[in-house]
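> need a structure here:
(one chain, ligands or ions: 1)
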Amino acid sequence: MARKLEFCIMPPGEFWTNERRPGLVRHEIFFGPFRQKSIRLGLVVFLTPEMHNMGNFSVHNFRGNDLILKRAGQQAAMDYYRWNTQQFINEFGKNYL
Ligand SMILES: [Zn+2]
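The predicted structure is shown next:
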């Protein structure tokens, strides 16, 4: 089965990776109202189901890990798109750094 290419600007991190592998699920870092923008701008990561929404420390259940990922996402977006903090806020509503 061919791997579906999915645009991702994120570096790998402590509990996520930046490419789809069997058994992983895609997570949009700025989910909610900015979900489609996250996909379009490559602000997605791949997580185990445990770290996505199944476990107590998953990004959808544990705000601390959600924020770790959002901070990394903001940094990656500002680096990749050469945005300053205000430009990031204009796109995603708030500053996580
Ligand atoms: Zn998710």
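
> contacts, neighbours, all on C-alpha from now
Noted.

> Below-threshold pLDDT in the chain: ranges please.
Scanning the chain for pLDDT under 70 picks out 1-4.

> what packs against the longest helix seen in it?
If you go by DSSP state H, the chain has its longest helix at helix 63-81. Helices and strands touching helix 63-81, by 3 or more C-alpha pairs under 8 Å, 6 or more residues apart in numbering; DSSP states H and E, are helix 85-92.

> Which parts of the helix it packs on count as buried, going by neighbours?
For helix 85-92, burial by neighbour count (16 or more other C-alpha atoms under 10 Å) applies to 88, 92.

> Then stretch 51-71?
51-53, 57-60, 65-66, 68-71.

> How about the contacts made by the residue nearest the centre of the chain?
Geometric centre of the chain, nearest residue: residue 29, 2.9 Å, by C-alpha atoms, centre = their mean. Applying C-alpha atoms under 8 Å, 6 or more residues apart in numbering, one finds that residue 29 lies in contact with 35, 38, 43-45, 66, 69-70, 73.

> Look up phi and psi at it.
Main-chain dihedrals, residue 29, degrees, to the nearest 10: phi -60, psi -40.

> ok, it to residue 9 distance?
For residue 29, the distance to residue 9 (C-alpha to C-alpha, to the nearest Å) stands at 11 Å.

> Now do the shared contacts for these two.
By C-alpha under 8 Å, 6+ apart, the residues touching both residue 29 and residue 9 are 43-44.

> that older thread, which one among the contacts of residue 29 gets closest to residue 79?
residue 73 (9.9 Å; C-alpha to C-alpha).

> and the closest residue to the closest one other than its chain neighbours, how many residues sit next to it?
In space, and not counting its chain neighbours, residue 73 is closest to residue 43: 6.3 Å by C-alpha to C-alpha, 6 or more residues apart in numbering. By the criterion of other C-alpha atoms under 10 Å, residue 43 has 26 neighbours.

> can you check residue 38 too?
By other C-alpha under 10 Å, neighbour count at residue 38 equals 22.
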